[in-house]
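Peer 1: turn this into a structure:
(2 chains)
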Amino acid sequence: MDNAAFLAMLQEAFQRGEPLAMDMPLAEIPEWDSLTAMLTLALAKQHFGRNLKLADFKKTVLVKDLHALLTES
Amino acid sequence: MLCLQNPDRMLFSRDHRILVTGASSGIGRAIALRCNALGATVIANGREENRLREAREQAANAEAFALEALDLTSDMEALPKWVTRLRERYGKLGGFVHAAGLGLTAPLLMYNLEEAGKLFDIHVHAPMLLAKGFADRRNTIGKGAAMLFMGSSGAVIPQRAKLVYASAKGAQITAARCLAKELAPRGIRVNSISPALVETPMLEGFRTMLGEESFTAEKEQYPFGLGQPEDVAALACFLLSEESRWITGQNIIMDGGRY
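Peer 2: Prediction:
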C-alpha cells in the first residue's frame, strides 16, 4: 500500500474531513482517540496481517511511524 | 414539556436533528411528533412516503419534519452512506431513534430461517449499520448526541411463541449496551426502552392471533392499563435530551405494572 492509499485509509478510519499527512504528530490529530486506536488495530490485522497491541502505539509519534509499524515485516 | 434544568427553553433546539425510523405509525410516529413538538428538527423515516406525510400532518412544526422514505432492509450495506447523505442534506445529527420493527408470534415448531433472518435484519443489522453512520464523527454532533433503540419487555421476560422476536430484540439491547461503552468517550449516549403491550397497529396482529378471550386476560395483568405510544414517546424524548445526560447503557422497561 503506497503512502497516498495509506493516508486515505487512515482518513476514513479517523472519520476525518481534512486530509492527513505523513509528518503529522498523532497527538495533534483530534480524531486519534482510544476508539480510533482500536479501529487501527483491526485495520492492521485486516490489511497488513499484523497482530498489534494498543501498547505498540506508544512507539508512534508521527503518522509515518504508524505506517512503519503497520507495514514493517 | 420544557427543559427541567432550564425552564426558559424548550427541550430541544431547532438545530438539534433527530433521525427517527419507523416514524410512519405507532411508537415511532409518537416519538417523531413529540420530538418535533418539543423543538427538534425530525428526519422521519418509514417505508411509505404517503404514511409519513400523514404523520407530518399531525406535526406541531411541520416545516421541521422532514420525510425520508426508505425500506431499511432493502440495501443494508448502504445505510451508513444514507446517513451521510442525510447529514449533507440537513446538517449534523444529534439524535437517532430506531423504532422500525416487525412483530412475530410463532412457536418453535414454526421456526423459519428466512423469517427469523428478516427479524434480525430489522432489529439488529439495520440499526447497527445506521448507528455506524450516525456515530461517524463527520455525521454527528458528538458530545450531546444520543441514540435510542426500541426493545421489548419480551426480551427480558420470556413469553411463549416469542423466541425469534424476543431474541432479536435481546440482541439489539445487548448491542446497544456495547455501543454505549464504545461511544461514551465521544460523548454519545446509547439507551433502550423495552415496552410491554402498547396500543399500536402492531398490537392488532397479536390480538387477532391470541383471540379476544386470551387478549382480555392478558390486558387484565396491566394494573395501569395497556401502554399508549405517547407514554413511550415521553420517556424517549427525555432519553434523547440533555436532561438525561448521566444515563447511558440502560434498558428501561415500561410495562404499566405488568411484570
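
Peer 1: please count neighbours and contacts with C-alpha atoms only from this point.
Peer 2: Fine.

Peer 1: next, give phi and psi for the residue in the stretch 151-259 of chain B that chain A sits nearest to.
Peer 2: In the stretch 151-259 of chain B, the residue that lies nearest chain A is B:Glu182 (7.1 Å; CA to the nearest CA). Per-residue torsions, B:Glu182: phi -70, psi -40 (degrees, to the nearest 10).

Peer 1: how about it: what's its closest non-neighbour residue?
Peer 2: Nearest residue to B:Glu182, sequence neighbours excluded (CA to CA, 6 or more residues apart in numbering or on different chains): A:Leu35, at 7.1 Å.

Peer 1: quick one: contacts of the host helix or strand of that neighbour?
Peer 2: A:Leu35 is part of helix A:34-48, with elements assigned from DSSP states H and E. Contact with helix A:34-48 is made by A:Ala13, A:Phe14, A:Arg50, A:Asn51, A:Leu52, A:Lys53, A:Leu54, A:Leu70, A:Thr71, B:Glu182, as judged by CA atoms under 8 Å, 6 or more residues apart in numbering or on different chains.

Peer 1: ok, for the third one, nearest residue in space, not its chain neighbours?
Peer 2: In this case it means A:Arg50. In space, A:Arg50 is closest to A:Ala44, 5.2 Å off (CA to CA, 6+ apart).

Peer 1: ok, now the fourth one?
Peer 2: Counting by CA to CA, 6+ apart, A:Lys45 is the residue found nearest to A:Asn51 once chain neighbours are left out, at 5.7 Å.

Peer 1: show me the contacts for the residue in chain A positioned nearest to chain B.
Peer 2: Per CA to the nearest CA, A:Gln15 is where chain A lies closest to chain B, at 5.9 Å. By CA under 8 Å, 6+ apart, the contact set of A:Gln15 is A:Glu31, B:Asp136, B:Arg137, B:Arg138.

Peer 1: for B:Ala196, state which of these is nearest.
Peer 2: B:Asp136 (32.1 Å; CA to CA).

Peer 1: now for the closest one, how many residues are close by?
Peer 2: 19 (other CA atoms under 10 Å in any protein chain shown).

Peer 1: and the gap between it and chain A?
Peer 2: For B:Asp136, the distance to chain A (CA to the nearest CA, to the nearest Å) stands at 6 Å.

Peer 1: phi, psi of that residue?
Peer 2: The phi/psi pair for B:Asp136 (degrees, to the nearest 10) is phi -60, psi 120.

Peer 1: any regions of chain A where pLDDT drops low?
Peer 2: For chain A, applying pLDDT under 70 flags the ranges A:73.

Peer 1: quick one, phi/psi of the residue nearest to the spatial centre of chain A?
Peer 2: Nearest to the mean C-alpha position of chain A, counting by CA atoms, centre = their mean, stands A:Leu66 at 4.9 Å. When quoted as degrees, to the nearest 10, the phi and psi of A:Leu66 stand at phi -60, psi -40.

Peer 1: contact partners for it?
Peer 2: A:Phe57, A:Thr60.

Peer 1: what do you get if the cut-off is 7 Å, keeping everything else the same?
Peer 2: A:Thr60 (CA atoms under 7 Å, 6 or more residues apart in numbering or on different chains).

Peer 1: how much space between it and A:Pro25?
Peer 2: Noted for A:Leu66: a distance of 10 Å to A:Pro25, by CA to CA, to the nearest Å.

Peer 1: before we move on, what about B:Glu212?
Peer 2: Applying CA to CA to B:Glu212 and A:Pro25 gives a distance of 68 Å.

Peer 1: for those two, indicate the residue with more neighbours.
Peer 2: Using other CA under 10 Å, the more surrounded residue of B:Glu212 and A:Pro25 is A:Pro25, with 14 against 11.

Peer 1: got a list of what the residue nearest to the more buried one when sequence neighbours are not counted touches?
Peer 2: Distances taken as CA to CA, 6+ apart place A:Leu62 nearest to A:Pro25, at 4.2 Å, with adjacent residues excluded. Residues counted as contacts of A:Leu62 (CA under 7 Å, 6+ apart) are A:Met22, A:Asp23, A:Met24, A:Pro25, A:Leu26.
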